[in-house]
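J.: with the input below, show me the fold.
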Amino acid sequence: MALAHTLGFPRIGRDRELKKALEAYWLGTLDEAGLRAVGRQLRAAHWQLQKDAGIELLPVGDFAWYDQVLGHSLAFGVIPARFRPHGGRPGLDTLFAMARGVSGNMRSKNTCCGGAHAQEMTKWFDSNYHYLVPEFTAEQQFALSWEQLFEEVAEGHALGHRLKPVLIGPLTYLWLGKAKGSEFDRLDLLERLLPVYGEILQRLAAQGVEWVQIDEPILALDLPQDWKNAFERAYNILQREPGKKLIATYFAGLEDNLGLAAGLPVDGLHIDLVRAPEQFPAILDRLPAYKVLSLGVVDGRNVWRTDLARALEVLQQAHERLGERLWLAPSCSLLHCPVDLGREDQLDAELKSWLAFAVQKCEEVAVLAAALNQPQDARVQAALAASRAVQAGRAQSSRIHKPAVQARLAAVRPADSRRQAPFAQRSERQRACLQLPALPTTTIGSFPQTAAIRQARQAFKAGKLSPAEYSEAMHGEIRHAVSVQERLGLDVLVHGEAERNDMVEYFAEQLDGYLLTRFGWVQSYGSRCVKPAVIYGDLSRPQAMTVAWSRYAQSLTGKPMKGMLTGPVTLLMWSFPRDDISREQQARQLALALRDEVVELEAAGIRIIQIDEAAFREGLPLRKANWQAYLGWATEAFRLAACGVRDETQIHTHMCYSEFNEVIESIAALDADVITLEASRSDMQLLDAFERFDYPNEIGPGLYDIHSPRVPDSAEMLALLRKAAARIPVERLWVNPDCGLKTRAWAETEAALVNMLAAARQLRGELA
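T.: Numbering: from 1, shown residues only. Okay, here's the model as predicted:
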């Protein structure tokens, strides 16, 4: 009998219960007992949802209070000295301090001190999920320090569930971390770490656990030979520990690591057949006869319904060879999907019929397992027939393809993706036009999204505010944002984006070819949730999206006002894209829509236009052999959006929470006049790439972490600014925060900007 299981389930809840509980806890309106009660309720609900959908083996350990990598760091005792508890084991306050930093006024009994900056945060492989980067020292010791997994196993068993604990594998955990202090090889830590895994496996076996899922997604990467050798060494040691072990890989194919993964001395292997269907036949020939093979045939990264008939063709071949050694699952954890399509009560019926969220994907896995185990069952046949009808209807729908969009794309010329003059000439014209001081100061775009803003938006959507009343409410917020910036003394202003619910959703609402959900929330990190829009058809811009707001904001000040747009690659990566055409085609359609907006902003008198490409690095394929193709179309899409303006108009872009070293040439190829980027959590280490490459254009490295409530003082920011000035010529250096300020409150925003501006003024004085 083929077995249906999942690798993980969304943790935030149908109504973002976890987000709301976390934020209440941080505000002090919910105590720890209340927060833990919410966690128990969510775990119980999510296990039952999966079980009711037909999943037989349920994941445990996929729940995390902030991030699963951070949870493992606490479990292993990988707690930086600045957060180490004064006595005893770490608590929830330790975890949240590591994630969010600790201000001087946030001192608690569980953290060592106030004023500690948060751990670095970056993207989980090529997803928009962020993890907290483990910090290792050469003297690093590991010890089991966090009981959460064992408590959750006891919870699930008490509810009568058959559970499969989920661990991040030792090699992946070490790969994801960074060496701090003296340089050393992280692999040197492996022998110290493995005994902790052994202890975990022993305790799980004592709790009656049969199977443990060990995630090793780095097996889908280009691995150095010493890391490949370490896999064999590590799992030869771990095979002595009790329990059956399933190695899980995802997000790409195993390729040259297929033989390594298949031969590891474990009891099962999971592979992703959505991202890499070509690895299926080869794995059947390489898999030892005793080993379970789990096939990820339902897309865990997108929201389209599975073509069950097509998936079943592959599964039937596998079932003939493997019999009961065949397991079925989504391609990866369902963390990257919204929870339940059943909550969507306002979606167009046809479009809704094309979609599946986490609950529905569990049902699809169960249907496929039943189709192998009980192929003549009437319910199975009905489900397969419904799937065929949906796939045929979507393929034939007239709502998807738009000849005008396709004709415009076909008419694009190479010159459309080039500025009129090179940067050296443009920059002189821009300096003459803008008259900015040395070390110009600005922010990334958004200002706090207050309760008043959210209430006005909700009232407008509910019909309680007229368009004119809503516009005046937003104008009031823009006036406030501009007056604060002028009072503080910023050089380049922004309008604050009060009218925008999200940097992708706002544009998706106004572009043809997108659909929006009400409850399609996905966790990005911690309590931060996003609601990705869904691209279902060819994309176009019926009318201007931001011009009126920017024109109004510019009318309030004589200083330059930045127009703010989300770039084509980020709009694509932070949406659920179509699966019937390439990402390249979708990015180019978005680029042409944005090009029209950029040209209209310039015509409206906006002299600086920022086109954010926060997801540029995120979109990079996991295998280097595929990089050049992606980088080619991604840079071309940005330039296609940006290059319709005069030389005097300054184009900015923003990127955050990414490693830039290996793509710096492509970032330069964007030919943005100014790039701003996240740099404070890495202590400006990200700028090493821009120094080694001699990046030719202007750079604004972030001086403080906006994802933390901590407000660093001006001396700390000045130290970072000096580090930046040591790498980047001062005449090409800008001063700004790490990212947009929408998640912060006004009081801490103003306090941080005051300190940032003081640092800029001091360095200007030193250079005068």
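J.: doesn't Pro709 make contact with Ala751?
T.: No. With contact defined as CB atoms under 8 Å, Ala751 does not count as touching Pro709 (10.7 Å). (Each C-beta comes from the backbone N, C-alpha and C, glycine too.)
J.: where are the low-confidence patches of this protein?
T.: Applying pLDDT under 70 to the chain picks out residues 104-115, 657-659.
J.: go again with 50.
T.: Within the chain, the stretches with pLDDT under 50 are 106-111.
J.: any idea which residue is closest to the centre of it?
T.: The residue lying closest to the centre of the chain (CA atoms, centre = their mean) is Asn128, at 1.6 Å.
J.: any idea how far that one is from Leu590?
T.: For Asn128, the distance to Leu590 equals 16 Å [CB to CB, to the nearest Å].
J.: Phe576 now?
T.: On the measure of CB to CB, Phe576 and Leu590 end up 14 Å apart.
J.: between these two, which one's more packed in?
T.: Leu590 (29 against 25; other CB atoms under 10 Å).
J.: who's in contact with the nearest residue to that one once chain neighbours are set aside?
T.: Closest residue to Leu590 in three dimensions, ignoring its sequence neighbours and counting by CB to CB, 6 or more residues apart in numbering: Pro568, at 3.8 Å. With contacts defined as CB atoms under 8 Å, 6 or more residues apart in numbering, the neighbours of Pro568 are 587-588, 590-591, 594, 637-638, 640-641.
J.: swap in 10 Å and give it another go.
T.: 539, 586-595, 611, 613, 633-634, 636-638, 640-642 (CB atoms under 10 Å, 6 or more residues apart in numbering).
J.: now do the strands in the stretch 151-300 of the chain.
T.: 163-168, 178-179, 211-215, 244-248, 268-272, 292-298 (DSSP state E, counting those that start in this stretch).
J.: buried deepest among those strands, which one?
T.: Comparing the strands of the stretch 151-300 of the chain by mean neighbour count (mean count of other CB atoms under 10 Å), strand 268-272 ranks first with a mean of 26.
J.: strands of the stretch 451-600 of the chain, start to end?
T.: 512-515, 522-525, 528-530, 534-540, 562-566.
J.: direction included, what does the shortest one pair up with?
T.: Applying DSSP bridges, strand 528-530 is found paired with strand 522-525 (antiparallel).
J.: roughly how far out does the strand it pairs with sit from the chain middle?
T.: 7 Å (CA atoms, centre = their mean, to the nearest Å).
J.: what does it rub up against?
T.: In contact with strand 522-525 (CB under 10 Å, 6+ apart) are residues 10-12, 16, 18-19, 64, 66-67, 70, 99, 121, 123-124, 127-132, 303, 334-339, 357-358, 529-532, 574, 576, 657, 707.
J.: show only the entries of these found in helices.
T.: Per DSSP state H, helices hold the following members of those: 18-19, 70, 99, 358.
J.: residues near Phe616, how many?
T.: Other residues close to Phe616 by other CB under 10 Å number 27.
J.: same check on the one 4 residues further on?
T.: If you count neighbours by other CB under 10 Å, Leu620 ends up with 22.
J.: that one sits in which helix or strand?
T.: According to DSSP states H and E, Leu620 maps onto no helix or strand at all.
J.: do I have it right that it meets Ser666?
T.: Yes. Counting by CB atoms under 10 Å, Leu620 touches Ser666, with 9.0 Å between them.
J.: so what sits against both of these two?
T.: 627, 630-631, 634.
J.: restricted to helices, list those.
T.: Members of these lying in helices (criterion: DSSP H): 627, 630-631, 634.
J.: now, which of these sits nearest Leu3?
T.: Each of these was checked against Leu3 using CB to CB; the closest is Tyr630, at 35.7 Å.
J.: how much space separates the closest one from Pro621?
T.: 6 Å.
J.: one step back: for the residue nearest to Leu590, give its distance to Ile664.
T.: Taking CB to CB, one finds Pro568 at 20 Å from Ile664.
J.: repeat that for Ala625.
T.: Counting by CB to CB - Ala625 and Ile664 are separated by 19 Å.
J.: the two: which is more packed in?
T.: Remark: of Ala625 and Ile664, Ile664 carries more neighbours, 17 against 9, as counted by other CB under 10 Å.
J.: contacts for the strand or helix carrying that one, please.
T.: According to DSSP H and E, Ile664 maps onto helix 664-669. Helix 664-669 has contacts (CB under 10 Å, 6+ apart) with 423, 613, 616-617, 620, 627-628, 630-632, 634-636, 638-639, 653, 655, 658, 660, 663, 675, 677, 688-697.
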